[in-house]
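Participant: please find the sequence and the predicted model below.
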Amino acid sequence: MPQSKWNTLFIYGMNHRTCEVEVRGRFALDEEGRRRTRVRLLDELGLVEDVLLSTCNRTELYGHWDGEGQAPDDGQSLRERVFAGLDAGLSPYLYRGWNACFHLFRVVAGLDSMIVGESEILRQVKVAFEESLAEGGPGRVLTDLFRQALEVGKKIRTETSVASGSLSVAATAVKLGLKIVGQLEGKTVLVIGAGETGALTARHLKAQKPGRLLILNRTVAKAEALAAELGGEAGPLDQLRDAARAADLIIGAIERPEPIVERDVLAGAPRKTRCFVDISVPRSIAPEVAETPGAFHFDIDDLAQLIEQARSERAQEARKGDEIIVSEVHKFLAKQHFVGLAPLVQEMRDAFDEVLGRTLAEGESAHAFRGEAQRLAKRLLGVSLDTLKRSSRTHITREQVRAAYELFLEDLS
Amino acid sequence: MSELNDSLRVLLPMFYLAAVFAYWLRVEMTDRQPKGMPILVTAAALLTHLLLLIARGVMLGQAPWTTYYDTLSALAFVMTVTYALVELISRSPSTGLDLMPYPFLLVTIACAFGPAQPRPFTMGDHRHFVLHTVPAIGGIAAILVSGLYGMLYIRLEKAMRRKRFGRLFARLPDLGTLARMNYAALIVGLVLVTAAIGWGAAWYGELFRRLRLTEPKILLTLVVWCILLLPIFGKLTRRWTDRATALTSLVSMLLVVVSMLVTFLPFVSFHGHR
């Protein structure tokens, strides 16, 4: 089965691997921008179907044309039309046919993302597809392709651990804390610092439903605003000693030249398991606090170790995702092949009806056998359709798709 | 009944081995094995074990733990029930691989070296026998389970203090959960051992006039009972860490194992089922 048959389907775009952030930033479109660009391209390129995906890390045009006349992805036309005015630092890619399917399925599964397995892309693709669909962008082929891609995205996240493990410092700090103190219900957690990282950490902690969430900061107003948003308690840094002694999990996210939590902070405090996680650079918590019985201390280097571990686990899981992609692209191609046989099926149906009508007209007791003959014709047609469906599945083998996918991955790397 | 007994004695270690293997598979091939498989195999082992206990009890006409080896078998049964309950409540099969080898070991010893046919015990019909031995076996099983969770706590804590976030870190539940399991089993052990001591004392009073504290089983049990009280006082006074509780349960477990071993030695203890 030549892949060229599918070349009416293509993807043209750029992403974090092919362009610098400044270039990507110039083409990250809002909803209205996406709509205008999509309508313009549909017209200028002579496409019958299109979807435009534009996020901070990628801008991609998914197109399908009817195969008549000049191919829209020929020569310079796409570059000039899609990325008009952008030349410097632009290295777009173009995938046709099967490769376009592989690419979209990888994008939706998060395998093509900057952070492998991230889930935001699934939502972004869904939104892009729905926006385009509302304006009649995608037709039968792209609708089938995107619907299946969205299913594949969910399937890969469910059946593999590609999205497991945290890759952000704040989430990893909370995860590490949970590994020490267990569930946070009924427990007290303390966040030192209400800056960007502190706020993100506090939000991750809030999701674990702690008994008390304390936020201490130099600027109390900032801590109060965050505490009000998250239903916590705020205070100045001079409450640190009492707060640390009451807390089970303490996360330091504040910029200070010297540690603000000193080694004797727990002197005389009741003994219990306490976890200090320091995500500040330079340190905000003295590592010697771990000398107190029941206390643990971790810093940013420990978190880096965990993040790297999660990253490599995700990469391993991505390989399992590849197998699912091969299987799903095979299914998609088989379905499209069968759908392509629609005129033939209609021809068969008409021929059956014609033969049936002629036979019944010639017979003497036509009326008595009409129902029986119609049932027989319907059954024979059903058998023929099943045969066609089976042949569609074997028309392109999974091995062929796998081989093509391996070549595609080789090109990517 | 005798044939059933013989068949089950052969099958039982295999079922326990299958359960250990299922937990091993769960750890090694998480995504290729149905999630509920280990607990199903464990349930099958428990059912087989229950049938064996019933068969031996019916043959004997006494509680089916009248020999040293049958006591080990009963102990393995209670440990497995305890673990199965922990797994069902916590919905975490991650400690199965660490706990199930011990019941497997006990069952294998009991089935391989124990008498094929159950032997009656001279005191087996006494009214105090079941009242004393049921809480005693339950208490010992709980102390063993507590000790094993204590051991896991200490291993994980050590790994985390050394900043080693390897397989143990990924597989075991958090330290807080291990500490809770450790402490809960310890409390259950303390309650049951207290009951066993109470019934044992009543029974002892009927049999002997003078208390012999040199009897190693009694002595060690009283020591264990005192040790088990420590974490409770420690927690009440807030001067006790989870690590200290884990160490206490580990020491208790070791003393319980020693106390079981001494009953195996002839002429040392009257607890030897003779």
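Facilitator: Noted; the coordinates are in hand. Numbers count the residues shown, from 1 in each chain, chains lettered A, B, ... in the order given.

Participant: any idea which element the nearest residue to B:Val81 once chain neighbours are set aside lies in?
Facilitator: Excluding the flanking residues, the one nearest B:Val81 by CB to CB, 6 or more residues apart in numbering or on different chains is B:Leu46, at 6.5 Å. Where you see a C-beta, it was placed from the backbone N, CA and C, and this is true even at glycine. In this structure, B:Leu46 sits in helix B:37-60 according to DSSP states H and E.

Participant: tell me the spacing between A:Thr59 and A:Leu104.
Facilitator: Distance from A:Thr59 to A:Leu104, counting by CB to CB, to the nearest Å: 14 Å.

Participant: of the two, who's got more company?
Facilitator: Higher neighbour count among A:Thr59 and A:Leu104: A:Leu104, with 30 against 26, using other CB atoms under 10 Å in any protein chain shown.

Participant: quick check: the more buried one touching A:Arg147?
Facilitator: No: if you go by CB atoms under 8 Å, A:Leu104 and A:Arg147 don't touch, sitting 11.3 Å apart.

Participant: check which helix or strand covers the residue lying closest to A:Ala404 once chain neighbours are set aside.
Facilitator: Residue nearest to A:Ala404 in three dimensions, not counting chain neighbours: A:Trp98, with 5.2 Å by CB to CB, 6+ apart. When secondary structure is defined by DSSP H and E, A:Trp98 falls within helix A:97-109.

Participant: may I have the next helix or strand after that helix exported as CSV, CA atoms only?
Facilitator: Next helix or strand after helix A:97-109 toward the C-terminus (DSSP H and E): helix A:120-134. Extracted as CSV, the C-alpha positions of helix A:120-134 are listed here (Å, rounded to 0.1, in the frame of the first residue of the first chain):
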residue,chain,number,x,y,z
GLU,A,120,-2.3,20.5,29.0
ILE,A,121,-1.7,19.7,25.3
LEU,A,122,-4.7,17.3,25.3
ARG,A,123,-7.0,20.1,26.3
GLN,A,124,-5.4,22.6,23.8
VAL,A,125,-5.8,20.2,20.9
LYS,A,126,-9.4,19.6,21.9
VAL,A,127,-10.1,23.3,22.0
ALA,A,128,-8.4,23.9,18.7
PHE,A,129,-10.4,21.1,17.1
GLU,A,130,-13.7,22.3,18.5
GLU,A,131,-13.1,25.9,17.5
SER,A,132,-12.3,24.8,13.9
LEU,A,133,-15.3,22.4,13.9
ALA,A,134,-17.7,25.2,15.0
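
Participant: how far away is the residue in chain A positioned nearest to chain B from B:Leu148?
Facilitator: Relative to chain B, the nearest point of chain A is A:Gly182 (2.2 Å; CB to the nearest CB). Applying CB to CB, the value for A:Gly182 to B:Leu148 is 19 Å.

Participant: the helix or strand that A:Gln336 is a member of and chain B in contact?
Facilitator: Assigned by DSSP H and E, A:Gln336 belongs to helix A:300-339. Yes: judged by CB under 8 Å from any CB of the partner chain, helix A:300-339 comes into contact with chain B through A:302, A:305-306, A:309, A:320.

Participant: and those, which are buried?
Facilitator: Neighbour-count burial (16 or more other CB atoms under 10 Å in any protein chain shown) is assigned, among the residues of helix A:300-339 next to chain B, to A:302, A:306, A:309.

Participant: could you find the closest non-adjacent residue to the last one?
Facilitator: Looking back up the chat, that one is A:Gln309. Closest to A:Gln309 by CB to CB, 6+ apart is B:Phe165, at 6.3 Å.

Participant: cool, B:Ala18 as well?
Facilitator: Using CB to CB, 6+ apart, the nearest residue to B:Ala18 is B:Val41, at 5.1 Å.

Participant: list the residues that contact the one you found.
Facilitator: B:Val41 makes contact with B:15, B:18-19, B:22, according to CB atoms under 8 Å, 6 or more residues apart in numbering or on different chains.

Participant: distance of it from B:Thr48?
Facilitator: Separation of B:Val41 from B:Thr48 (CB to CB): 11 Å.

Participant: can you pull the domain assignment for chain A?
Facilitator: Residue ranges for the domains of chain A, per automatic domain parsing: A:3-159, A:169-298, A:342-399.
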